[in-house]
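# Structure for this input, please:
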Amino acid sequence: MRQGFTVMFISELEGSPSLEVVNIVLQKLARGEKVTSLAIGEPMYKTPKEIIEVAYKSMTEGETHYTSSFGLPEVREAIVEKVGRKNKIKAGVENTIFITAKQSVHAAMMAVAGKKPKILLPDPGYFYTEPALLAGLTPVKYRLNNDLSFSSSKVISMLDDKTAAVMINTPGNPTGRVIDRKQLEELYHACKSRGITIISDEAYEDLVYDKEHFSIGSLEERPDSVMTIFSLSKSYSMTGWRAGYTVGSKEVIANIARVIEHTYTCSPPFIQKASAYALRHGDGFIKEFKEDFKKKKIHVEKRLSEIGGLKMQPIEGAFYAFPSYSLGMKSQDFAKKLLDRYQVAVLPGIAFGEAGEGHLRISFSGSMESIDHGLDALGQFLGSES
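Predicted structure coming up:
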């Protein structure tokens, strides 16, 4: 282990809070109990038939063997076309790699680990702490504003000669907030001048409702200081396919490929073929899913505004609400009691960092019926505890 790096044993890692809740829900279902989950971040839609058919055809034609750790040329070329067209990122094939987004978070952190030990992570924010520790980095949290928006000035004030990277997430999980272009430009120039890498998680890029998604990587003439992580999971309802891709400098992409080489070798070729098809021909699927999510977003905002004891911030992207509540109760206790009494699952805000305490993450990725049932129970619970 390099001097100054955090030593981390697997046995010391925290489990995934979302998967822990999922396991509890599955156990209840196995016992015959009815559970309504507003916890899991997974679209209810089936993967579009056309995408499945491409994967099936690829398998039946014998494309079931090893590929390059970087990915098939076909999918890498599709990535270049897509990020140029939609994200305005000027990349070549050498700047791309096919890798599921969650794995890429860890691999990206490993790729930047070196002489500088620190990485800045959002609070509240997605579960980036454990991957950072596994990569040998020291996670340092930066607080979002009280309204859950991003402050470039706060982050810039924390940069020093020990900072290796800054992690950002837009649209945000769990916050549902979108980072404005001006904030991203300020952060980019500050990091660029200090030789600090920006890792931008844009897994929910296609689910932005009343704003425009802006990729910070588009500020570069060629990928250099920015690594951008993308996913097909939410855009095309392909969560189980574990399909995603990352764009970065040629050197960083080569480092990520080494991580793949020494872990799982490559992604299945038939999944890559289907992903290439989705990237080139799937805008119609995105439009359909997004329109449905927007209806749910509007409905959830209205319902939550009518429940006493909750305070909402705007839902600008993704499919999460992250309200705060006025009860003097820890969020973990809140979530446990709600599940035990009403068989409704939500994620406690503390799972997303200390600044998430006093909040709940509510997913509206399920059916409207399940959303309404869960919110009815939430209102009853808050009323009974007031």
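
# C-alpha coordinates for stretch 235-250, PDB please?
Provided in PDB are the C-alpha atoms of stretch 235-250 (Å, rounded to 0.1, in the frame of the first residue of the first chain):
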ATOM      1  CA  SER A 235     -32.300   5.300 -19.700                       C
ATOM      2  CA  TYR A 236     -33.400   2.000 -21.300                       C
ATOM      3  CA  SER A 237     -34.700   0.000 -18.200                       C
ATOM      4  CA  MET A 238     -31.700  -2.300 -18.400                       C
ATOM      5  CA  THR A 239     -30.700  -2.500 -14.700                       C
ATOM      6  CA  GLY A 240     -30.000  -6.300 -14.700                       C
ATOM      7  CA  TRP A 241     -27.900  -6.100 -17.900                       C
ATOM      8  CA  ARG A 242     -25.100  -4.300 -16.000                       C
ATOM      9  CA  ALA A 243     -24.400  -2.100 -19.000                       C
ATOM     10  CA  GLY A 244     -22.600   1.200 -19.000                       C
ATOM     11  CA  TYR A 245     -19.600   3.100 -20.300                       C
ATOM     12  CA  THR A 246     -17.000   5.600 -19.200                       C
ATOM     13  CA  VAL A 247     -15.300   8.400 -21.200                       C
ATOM     14  CA  GLY A 248     -11.900   9.800 -20.100                       C
ATOM     15  CA  SER A 249      -8.300  10.400 -21.200                       C
ATOM     16  CA  LYS A 250      -6.600   7.600 -23.100                       C
END
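
# now that stretch: mean pLDDT?
The average pLDDT within stretch 235-250 is 97.

# so what's residue 274 closest to, chain neighbours aside?
residue 55 (3.9 Å; CB to CB, 6 or more residues apart in numbering). C-beta: built from backbone N, CA, C; applies to glycine.

# Revised request: answer the last question for residue 71.
According to CB to CB, 6+ apart, the nearest residue to residue 71 is residue 98 (3.1 Å).

# Can you list the residue ranges for strands in the stretch 1-150 of the chain?
In chain order, the stretch 1-150 of the chain shows strands spanning 36-37, 96-98, 118-123, 138-143, with DSSP state E, counting those that start in this stretch as the criterion.

# mind checking which of these is nearest residue 227?
Taking CB to CB, strand 96-98 is the member of the strands of the stretch 1-150 of the chain nearest to residue 227, at 10.3 Å.

# What pairs with the closest one, parallel or antiparallel?
With DSSP bridges as the criterion, the sheet partners recorded for strand 96-98 are strand 244-247 (antiparallel).

# follow-up on the earlier one: for the residue nearest to residue 71, list each beta-bridge partner.
The bridge-partner assignment for residue 98, based on DSSP bridges, gives residue 245.

# Could you pull up the residues touching it?
Contacts for residue 98 (CB atoms under 8 Å, 6 or more residues apart in numbering) come out as 70, 71, 72, 75, 76, 79, 243, 244, 245, 267, 272, 275.

# Quick check on the second one: phi, psi?
Reported as degrees, to the nearest 10, the phi and psi values for residue 71 are phi 110, psi 160.

# pretty sure it is touching residue 94, no?
No - at 11.7 Å, residue 71 and residue 94 do not qualify as touching, with contact defined as CB atoms under 8 Å.

# Tell me which of those two has more neighbours.
Higher neighbour count among residue 71 and residue 94: residue 71, with 26 against 16, using other CB atoms under 10 Å.

# in the stretch 101-250 of the chain, what spans have low per-residue confidence?
Counting by pLDDT under 70, the stretch 101-250 of the chain has no low-confidence residues at all.

# What ranges does it have for its helices?
Along the stretch 101-250 of the chain, the segments classed as helices by DSSP state H, counting those that start in this stretch run 101-112, 129-134, 152-158, 181-194, 250-261.

# can you list those in TSV and add distance to residue 345 and mean neighbour count?
As requested, the helices of the stretch 101-250 of the chain are arranged in TSV below (distance: least, CB to CB, whole Å; neighbours: other CB atoms under 10 Å):
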stretch	distance to residue 345	mean neighbour count
helix 101-112	21	23
helix 129-134	22	21
helix 152-158	33	15
helix 181-194	33	17
helix 250-261	33	18
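
# Tell me which of these lies nearest to residue 373.
Proximity to residue 373, assessed across the helices of the stretch 101-250 of the chain by CB to CB, is greatest for helix 101-112 (29.3 Å).

# Output the contacting helices and strands for that closest one.
Contacts of helix 101-112 with other secondary structure elements, assessed using 3 or more CB pairs under 8 Å, 6 or more residues apart in numbering; DSSP states H and E, are made with helix 129-134, strand 163-169, strand 197-201, strand 226-231, strand 244-247, helix 250-261.

# 10 Å instead, please
Applying 3 or more CB pairs under 10 Å, 6 or more residues apart in numbering; DSSP states H and E, one finds that helix 101-112 makes contact with strand 96-98, strand 118-123, helix 129-134, strand 163-169, strand 197-201, strand 226-231, strand 244-247, helix 250-261.
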